[in-house]
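>>> Output the structure for:
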Amino acid sequence: MAGSKVIFSTHALHPDVTRDLQSLGDYRVSSAPTPDAILKESAGAEIIVVRAKISPEIIARERGLMACVRHGAGLDMIPMDAASQAGVLVANVPGANATTVAEHVIWSALALLRKYPQVSCDLRASGWEPARVHSNHGHELSGRTIGILGAGNIGRRVAEMARHGFGCNVIALTRTPTTLPEWIEHVPFDQLLARSDILALTCPLTSETQGIIDRAAIAKMKQGAVLINVSRGQVTDEMALAEALASGKLRGAAVDVFCQQPLPPDHPFLALHNVILTPHMAGITEESMLRMGQGVVAETRRILSGKKPRNFCNPEVWERHRKRFGLPS
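Just a heads-up that it's a prediction; the model follows:
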């Protein structure tokens, strides 16, 4: 497509989204979502669709780069300081996968309370009765207290499903407590830990949340509580979490995100039978991929037409961006 803008994606996208992006420019997809392939194959990109980590080297090298558009909400895959200094726009698609992630949290809570990982393992390895005996120690989700660390789009959907679907008591800690509905009780961190039967981590990774679920925090949690992490691996101390699971301090955990991805084959989580492990897929379904992709298409279309993104993550760079491309203010 001679003369059209180069739109580079770190991953293959939904077929409908692929078609729409192809209509907007010279659409290219990385041959693999690896740092080396992305670094090499993003050469000449003017829009980068981000589903894997982008190196600051790419931002510095690509003088024609207009924007990084996150296929999702979290911005930890984009070097924000480098992008802003260069006048590269950053946009994201918040909320598009909130329902998908929230369903994953609820599914995980149900499975852990009913000891599904142990049941499944023992049914296959030892037979009917050894598996069935776990049911004597299963619990219902209904009426329990679910604590939510980070009540943004995802946290609120978890809260709605838990409250209105299962009659759970919902407590939360968030940066914007005044926006919470009256049926969500805002509590300090220590109370969130001490009162939660299920603790869902749905917060962004920031300097405040990095390592927040450490050994001291876990010690303050209820005996036999369940932890579900759909945030980022770095929010937890993974070794302390593994110890708490092995000792029985925690009943179980569902972990979708890890400090090192892919998960190393010698990671202690892999030896535990009270953990549900998923490969950073809590937010991925066909439906959510379409919604996120449609958001990417909308933002890409706006940027290519010279308009500000609707979900503009570094709005302070607008004038710098205009100067970068010699556009009038």
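>>> The stretch 201-329 of the chain: helices as residue ranges?
Counting by DSSP state H, counting those that start in this stretch, one finds helices in the stretch 201-329 of the chain at the ranges 215-219, 238-247, 286-304, 318-324.
>>> what's the closest of the ones you listed to residue 141?
Proximity to residue 141, assessed across the helices of the stretch 201-329 of the chain by Cβ to Cβ, is greatest for helix 238-247 (19.5 Å). All C-beta spots, glycine's among them, are computed from the backbone N, C-alpha and C.
>>> List the buried residues for the closest one?
Residues 238, 240-242, 244-245 are the ones in helix 238-247 that count as buried (16 or more other Cβ atoms under 10 Å).
>>> got the contact list for it?
Around helix 238-247, the neighbours that count as contacts under Cβ atoms under 8 Å, 6 or more residues apart in numbering are 213-215, 218, 221, 227, 249-250, 252-253, 255, 258-259, 267-269, 272, 274-275.
>>> export that helix as CSV, just CAs?
The C-alpha trace of helix 238-247 is given here as CSV (Å, rounded to 0.1, in the frame of the first residue of the first chain):
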residue,chain,number,x,y,z
GLU,A,238,6.0,-14.8,44.6
MET,A,239,8.3,-16.7,47.0
ALA,A,240,6.3,-15.6,50.0
LEU,A,241,3.1,-16.5,48.3
ALA,A,242,4.4,-20.0,47.4
GLU,A,243,5.4,-20.5,51.1
ALA,A,244,2.0,-19.4,52.3
LEU,A,245,0.3,-21.9,49.9
ALA,A,246,2.6,-24.7,50.9
SER,A,247,2.1,-24.1,54.6
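>>> average pLDDT across it?
The average pLDDT for helix 238-247 rounds to 98.
>>> where does that helix sit relative to the chain's centre, distance-wise?
Helix 238-247 has its average C-alpha position 22 Å from the chain's average C-alpha position, going by Cα atoms, centre = their mean, to the nearest Å.
>>> domain ranges for the protein?
Using automatic domain parsing, the domain parsing of the chain gives 6-96+286-324, 98-277.
>>> coming back round to it: so which of the helices of the stretch 201-329 of the chain is nearest residue 184?
Closest among the helices of the stretch 201-329 of the chain, using Cβ to Cβ: helix 215-219, at 20.8 Å.
>>> which helices and strands does that closest one pack with?
With contacts taken as 3 or more Cβ pairs under 8 Å, 6 or more residues apart in numbering; DSSP states H and E, helix 215-219 sits against helix 238-247.
>>> go with 10 Å
Applying 3 or more Cβ pairs under 10 Å, 6 or more residues apart in numbering; DSSP states H and E, one finds that helix 215-219 contacts helix 189-195, helix 238-247.
>>> Count residues in the vicinity of residue 275, would you?
Under the neighbour criterion other Cβ atoms under 10 Å, residue 275 is assigned a count of 21.
>>> Quick one: residues contacting it.
Each residue near residue 275 by Cβ atoms under 10 Å, 6 or more residues apart in numbering is listed here: 112, 117, 227, 241-242, 245-246, 250, 252-255, 268-269.
>>> pLDDT averaged over stretch 163-173 - what is it?
If you average the pLDDT over stretch 163-173, you get 98.
>>> swap in stretch 197-217?
For stretch 197-217, mean pLDDT rounds to 97.
>>> Just the buried positions in that stretch, please.
Within stretch 197-217, the residues that count as buried by 16+ other Cβ under 10 Å are 197-205, 209, 212-213, 217.
>>> Just want to check the distance between the closest residue to residue 224 other than its chain neighbours and residue 15.
Take residue 224 and drop its neighbours on the chain: the residue closest to it by Cβ to Cβ, 6 or more residues apart in numbering is residue 251, 4.5 Å away. Going from residue 251 to residue 15 by Cβ to Cβ, to the nearest Å gives 41 Å.
>>> which of the two has more neighbours?
residue 251 (21 against 11).
>>> got the contact list for that one?
Per Cβ under 10 Å, 6+ apart, neighbours of residue 251: 112-113, 115, 137, 139, 197-198, 222-227, 244-245, 274.
>>> May I have the predicted confidence score for it?
97.
>>> now residue 3
If you check residue 3, the pLDDT there is 66.
>>> what's the answer for residue 74, then?
Residue-level pLDDT assigned to residue 74 equals 89.
>>> pretty sure residue 75 is touching residue 93, no?
No - look at residue 75 against residue 93 with Cβ atoms under 10 Å: they stay out of range, at 11.4 Å.
>>> of the two, who's got more company?
For residue 75 versus residue 93, neighbours defined as other Cβ under 10 Å are more numerous around residue 93 (22 against 18).
>>> Just list the residues touching that one, thanks.
Residue 93 is in contact with 69-73, 291-299, 310-311, counting by Cβ under 10 Å, 6+ apart.
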